[in-house]
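**Student:** what would the 3D arrangement of this be:
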Amino acid sequence: MSVDRVSESADRARDLALSDGRDTAFSLLLDRLVLRKDLSKISSIRGEKLYPLVASIEIQNERNSRVRYIATLKVGFSEKNVRRLLRDFGVGFSETFSKPILILPVLQDHRGTFLWDQGSGWLKAWEELVR
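**Tutor:** Model prediction:
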């Protein structure tokens, strides 16, 4: 998501933009997990109250002037802490679990395509793992 804030200094604008970004990202998360009728139960969770829930913030395309801050943010949340918060506030939520998948490392070289070929780095890594 894009953030763009102006304040008395670039540092203050950055702080405001990051806070806006956390709030917006949390609202988007709640829209995906929680029924509309339950959103009011947790509407007070904003600003500094989000700190324990935020697992990561990735900042891209950051630009600033003396009084303005612009960036693109990706905010990641702690699944465990978000679940705990929703349970503590008595808010029901839904989770979708994907079916398991199998990924096989296929090696292609001038000889052809191989799965678990002798001498393959993938085979060596697997052998080390299962020992």
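**Student:** from now on I want contacts and neighbour counts done on CA atoms only, so please keep to that.
**Tutor:** Noted.
**Student:** hey, where'd the strands end up in the protein?
**Tutor:** For the chain, the strands defined by DSSP state E cover 2-6, 54-64, 68-77, 106-109, 112-115.
**Student:** what's across from Val75 in the sheet?
**Tutor:** Following DSSP bridges, Val75 is listed with bridge partners Ile57.
**Student:** what's the local residue count around it?
**Tutor:** If you count neighbours by other C-alpha atoms under 10 Å, Val75 ends up with 19.
**Student:** gap between it and Ser2?
**Tutor:** From Val75 over to Ser2 the distance is 11 Å, taken as C-alpha to C-alpha, to the nearest Å.
**Student:** for Val34, which of the strands of the chain is the nearest?
**Tutor:** strand 68-77 (15.2 Å; C-alpha to C-alpha).
**Student:** and the closest one, what does it pack onto?
**Tutor:** If you count contacts as 3 or more C-alpha pairs under 8 Å, 6 or more residues apart in numbering; DSSP states H and E, strand 68-77 packs onto strand 2-6, helix 10-33, strand 54-64.
**Student:** CSV for those, including mean pLDDT?
**Tutor:** Compiled in CSV, these are given as follows (pLDDT from 0 to 100):
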stretch, mean pLDDT
strand 2-6, 96
helix 10-33, 94
strand 54-64, 95
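**Student:** can I get the ones you listed in CSV including distance to Lys99 and mean neighbour count?
**Tutor:** Below are the helices and strands packed on strand 68-77 laid out as CSV (distance: least, C-alpha to C-alpha, whole Å; neighbours: other C-alpha atoms under 10 Å):
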stretch, distance to Lys99, mean neighbour count
strand 2-6, 32, 18
helix 10-33, 19, 18
strand 54-64, 25, 13
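**Student:** what would the ones you listed look like in JSON lines with distance to Val91?
**Tutor:** Converted to JSON lines, the helices and strands packed on strand 68-77 look like this (distance: least, C-alpha to C-alpha, whole Å):
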{"stretch": "strand 2-6", "distance to Val91": "29"}
{"stretch": "helix 10-33", "distance to Val91": "10"}
{"stretch": "strand 54-64", "distance to Val91": "19"}
